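# sequence? don't have it. structure:
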Ligand code: UFG
């Protein structure tokens with residue numbers, strides 16, 4: 001995007017975890033993040049770097065009005081449902097919001113002549129992993145989503161790619177590996193309801209704010225028997241979105257790009273890292289495997305480096321855990337999510 005101008009970028013789902021961190025990165029890049037969010041799972045207090053438009057992605061009229069009001073030059077689309085388990089119980093909802101929501105967005109973008117999109121995709125499109133059990137996953141690895149959530153992300157990618165070819169839209173789908181950590185300022189961080197992710201649950205257990213952690217499975221074909229994941233600091237992820245907007249791509253291009261580090265950390269390593277950072281061990285027990293968990297999901301990040309000029313700068317496991325711990329000890333909002341109400345601090349003015 002044009003450097004130096006205060007161009008507006010519509011950030012759907014910008015009141016959520018990754019969206020809020022990306023809004024901050026857009027602001028730091030000199031752009032105006034216009035957050036478009038229905039606040040169904042996001043937080044008003046997470047919107048600090050530009051205006052909030054309250055709206056649903058399926059509402060074409062409201063979307064069009066928001067794009068017109070701010071003369072939006074590009075869209076980053078985060079709004080969607082993310083809980084893998086719930087997607088099995090309510091696939092209809094996931095298709096309605098994650099796929100029909102994208103149809104709605106693309107239609108309005110076309111009507112309004114907005115030609116640039118960055119889309120939140122997921123490593124969930126790969127299903128059980130790469131070609132070999134512990135191999136890093138390149139973008140052209142087989143796609144075999146293991147959940148309706150992964151299906152909807154892949155279907156949305158296909159739809160976006162087709163509209164790039166048909167209408168000259170330029171789009172990048174970022175396939176996130178395991179987003180984690182928080183902004184070091186402590187202003188924004190991870191707050192999900194319900195929380196299902198390893199690092200916040202391990203921290204809550206260590207701080208006594210949640211039940212002991214259950215480690216899901218110790219008999220995987222991995223070096224220590226627990227699952228390997230590629231944890232990426234949310235600020236590195238946010239930077240990847242800015243790089244995707246800035247990337248010099250021809251009109252009509254569609255690119256899917258992994259966002260990960262290329263390094264895997266095991267669940268046991270994460271539990272140890274959280275214990276080190278918290279200064280006390282994480283209370284935990286060993287449980288059976290969780291249905292659908294692949295043994296290893298590690299990105300091959302070469303394309304992100306080559307195409308976007310992006311590589312992670314703050315995704316070491318200890319740094320991720322330290323930043324996440326700072327946030328969990330003193331969350332700026334969403335602090336009731338894991339029963340830690342009482343430590344809530346007042347939101348900082350935008
Ligand atoms: N884990 C535990 N105990 C817990 C929670 C998680 O042992 O209480 C383990 C899981 O089995 C897994 C690892 O910690 O091995 C990471 O689990 P997360 O739930 O934190 O993350 P996932 O890898 O399951 O999910 C991530 C993204 C999803 C995405 C999915 C794609 O968060 O949005 O990858 O496979 F859909």
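Here it is on my side, so go on. This is a predicted model, so every value here is computed, not measured.
# The closest residue to the ligand within the chain: neighbour count?
Nearest to the ligand, among the residues of the chain, is residue 227, at 3.0 Å (C-beta to the nearest ligand atom). The C-beta positions use only the backbone N, C-alpha and C, and glycine is treated the same way. Residues near residue 227, counting by other C-beta atoms under 10 Å, number 25.
# cool, residue 279 as well?
Residue 279 has 8 neighbouring residues, counting by other C-beta under 10 Å.
# Can you tell me what sits against the longest helix out of those in the chain?
The helix of greatest length in the chain, counted in residues with DSSP state H as the criterion, is given as helix 148-167. Around helix 148-167, the neighbours that count as contacts under C-beta atoms under 8 Å, 6 or more residues apart in numbering are 80-84, 87-88, 91, 94-95, 98-99, 102-103, 106, 110, 117, 119, 121-122, 124-125, 127, 143, 145, 169-171, 173, 252-254, 256.
# Check those residues one by one and keep those near the ligand.
Contacts with the ligand within the contacts of helix 148-167, counted by C-beta under 6 Å from any ligand atom: 82, 84, 122, 124.
# Dump those into CSV; add secondary structure, pLDDT and distance to residue 198 as well.
Formatted as CSV, those follow (DSSP: H, G, I helix; E, B strand; the rest coil; pLDDT from 0 to 100; distance: C-beta to C-beta, whole Å):
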residue, secondary structure, pLDDT, distance to residue 198
82, coil, 94, 15
84, helix, 90, 13
122, strand, 98, 16
124, helix, 96, 16
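# Which of those are buried, as a PyMOL select command?
Selecting only the buried members of these in PyMOL, with burial defined as 16 or more other C-beta atoms under 10 Å, works like this:
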select buried, resi 82+84+122+124
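# Nearest to residue 19 among the ones next to the ligand among the contacts of helix 148-167?
Compare each of these with residue 19 using C-beta to C-beta and the shortest gap goes to residue 82, at 11.4 Å.
# Would you check how far apart the closest residue to that closest one other than its chain neighbours and residue 217 are?
For residue 82, ignoring the flanking residues on the chain, the nearest one in space by C-beta to C-beta, 6 or more residues apart in numbering is residue 149 at 7.0 Å. For residue 149, the distance to residue 217 (C-beta to C-beta, to the nearest Å) stands at 20 Å.
# what about residue 216, how many neighbours?
Residues near residue 216, counting by other C-beta under 10 Å, number 17.
# Was I right to think it contacts residue 291?
No - taking contact to mean C-beta atoms under 8 Å, the distance of 9.4 Å between residue 216 and residue 291 leaves them out of contact.
# can you give me the strands for this structure?
Using DSSP state E, the strands assigned to the chain run over residues 8-12, 32-37, 52-54, 72-77, 116-122, 170-176, 178-180, 213-216, 228-229, 231-233, 254-259, 265-266, 284-287, 296-297.
# Need the contact partners of the first one.
With contact meaning C-beta under 8 Å, 6+ apart, strand 8-12 is reached by 1, 19, 22-23, 26, 31-37, 50, 57, 66-67, 70-79, 105, 114, 245.
# how many neighbours does residue 70 have?
For residue 70, the neighbour count with other C-beta under 10 Å is 19.
# Now do the contacts for it.
8, 10, 32, 34, 51.
# Just to check, residue 174 is in contact with residue 257?
Yes - using C-beta under 8 Å, residue 174 is in contact with residue 257, at 5.7 Å.
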